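> just the structure for this:
(2 chains)
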Amino acid sequence: MALENRSDEEWQAWFEGLNGTPPFAPDPDDESFRLYRQLFDALATEPATGLSYGFSARVVRRIQEQDLARQERRAYGYVAAGILLMIGAALGLQAIFGRDDFRETLRAVFHYRYPVLFALGLLMLIQWADRRLVKRKIAE
Amino acid sequence: MNDEQVLIRRILQGDLRAFRHLVEQYQRLVAHMVGRIVQQPEDVEDLCQEVFIQVHKHLGEFGGESKLSTWIATIAYRTALNHRKKTARRPADPLSEPLADRLEDAGQANPEERLVRQDRQRFMQEEIARLPVHYRTILTLYHLEELSYEEIGAVTSLPEGTVKNYLFRARKLLKEALQRYQQSERWP
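All right, here's what the predicted structure looks like:
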């Protein structure tokens, strides 16, 4: 068994050393020589990558899409922070000046809640249609 | 500053054309790595995309301690291994074509010789696919990508001695399989 292992080691070293000076001259009829030659030949044969044409363009497009989504998320974050700041500022002003305008405003909004909800829903629908239908069509 | 460093600097400045050039340069390496580790051919392209997205995301962290190809191969190796772990319970698609069926034609003159060679290549690719994942990866990195033992060690986080040992054992297993195959062909 040890002899066989050594022999395999020698053959593998021989084929690896083909670029330099091979340590010994092989017998072309030797079975191990033939098998290792076929094996090294097969191992060096490159399989097709299987990647589709335009792979690199697709990767770049995906990165652009991710960047765009990140920018949009950041923009939405700023808008949300702005709205919260405005509400905070309104509450702060109300506390400073001791007026009840904010509560009055909320009461008025509550009174007209259905038209307000309808307007909000319409606004969201327009935004959604703009994103899903118009912008996608332009991108295509 | 060499070409590679210039390319990296351009990518870090947000030049996507430079990144596309990088993808074209290394897509072969990544596809070979992923293709050898992942058994589902339909997942290979998505995973390759994932690898390059990771490369783009973390390129700023590449310090140049190794070659860029080694660093990219490491990301490909880890991404493919993670995918393999996640999909370990999913059975391989029996209808999917093995990689061997997509081998490039060597363009030999004699049709009979070409058929024999293709047959042997197909058999060898099937045998390679049966080897443990570390053996397959090391064979690919050494024979197809021509990485050194040290570079393979850096990609796989294996000691150099282990890399040599796995490479030797993988080739010995394949040689024995080839021997059995040829004997069975001769005496059916």
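> does chain A have contacts with stretch B:153-171?
Yes - under the criterion of Cβ under 8 Å from any Cβ of the partner chain, chain A is reached by stretch B:153-171 at B:168, B:171. Backbone N, C-alpha and C define where each C-beta goes, glycine included.
> what pLDDT, on average, does that stretch get?
Across stretch B:153-171, pLDDT averages out at 92.
> list the buried ones in it?
B:153-156, B:158, B:162-164, B:166-168, B:170-171 (16 or more other Cβ atoms under 10 Å in any protein chain shown).
> what two of these are the furthest from one another?
Across the buried residues of stretch B:153-171, no pair lies farther apart than B:Ala154 and B:Arg171, at 21.3 Å, counting by Cβ to Cβ.
> could you list the residues of chain B in contact with chain A?
Counting by Cβ under 8 Å from any Cβ, chain B comes close to chain A at B:16, B:19-20, B:23-24, B:27-28, B:31-32, B:35, B:41, B:44-45, B:48-49, B:52-53, B:56, B:99-100, B:102-104, B:106, B:120-121, B:124-125, B:139, B:143-144, B:168, B:171-172, B:174-175, B:178-179, B:182.
> count the neighbours of B:Val23 for me.
Neighbours of B:Val23 under the rule other Cβ atoms under 10 Å in any protein chain shown: 24.
> now do the same for it: its pLDDT.
The model reports B:Val23 with a pLDDT of 93.
> so it is in which element?
Assigned by DSSP states H and E, B:Val23 belongs to helix B:16-37.
> B:Glu113 now?
Here B:Glu113 sits within helix B:111-130, counting by DSSP H and E.
> return the set of buried residues in that helix.
For helix B:111-130, by 16+ other Cβ under 10 Å, it's B:117-118, B:120-125, B:127-128.
> same for that helix, what does it pack against?
helix A:31-44, helix B:133-139, helix B:160-186 (3 or more Cβ pairs under 8 Å, 6 or more residues apart in numbering or on different chains; DSSP states H and E).
> still on that earlier bit, which of the buried residues of helix B:111-130 lies closest to chain A?
B:Met124 (4.0 Å; Cβ to the nearest Cβ).
> identify the residue nearest that closest one in space, chain neighbours excluded?
Nearest residue to B:Met124, sequence neighbours excluded (Cβ to Cβ, 6 or more residues apart in numbering or on different chains): A:Ala42, at 4.0 Å.
> distance check, the one you found against B:Gln121.
Distance, A:Ala42 to B:Gln121, using Cβ to Cβ, to the nearest Å: 6 Å.
> what is in contact with those two at once?
When contacts are counted by Cβ atoms under 8 Å, 6 or more residues apart in numbering or on different chains, A:Ala42 and B:Gln121 have no shared neighbour.
> show me the domain layout of chain B.
B:3-86, B:108-186 (automatic domain parsing).
> CA atoms only for whichever strand or helix holds B:Glu42, dumped as CSV, please.
Assessed by DSSP H and E, B:Glu42 sits inside helix B:41-58. C-alpha atoms of helix B:41-58 as CSV (Å, rounded to 0.1, in the frame of the first residue of the first chain):
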residue,chain,number,x,y,z
PRO,B,41,-27.1,24.6,-11.8
GLU,B,42,-30.2,26.8,-11.7
ASP,B,43,-28.9,28.5,-8.6
VAL,B,44,-25.4,29.2,-9.9
GLU,B,45,-26.1,32.5,-11.8
ASP,B,46,-28.1,34.0,-8.9
LEU,B,47,-25.3,33.1,-6.5
CYS,B,48,-22.6,34.6,-8.8
GLN,B,49,-24.6,37.8,-8.8
GLU,B,50,-24.8,37.7,-5.0
VAL,B,51,-21.0,37.2,-4.8
PHE,B,52,-20.4,40.3,-7.0
ILE,B,53,-22.8,42.4,-5.0
GLN,B,54,-20.9,41.4,-1.8
VAL,B,55,-17.7,42.3,-3.6
HIS,B,56,-19.1,45.8,-4.5
LYS,B,57,-20.3,46.3,-1.0
HIS,B,58,-17.1,45.3,0.8
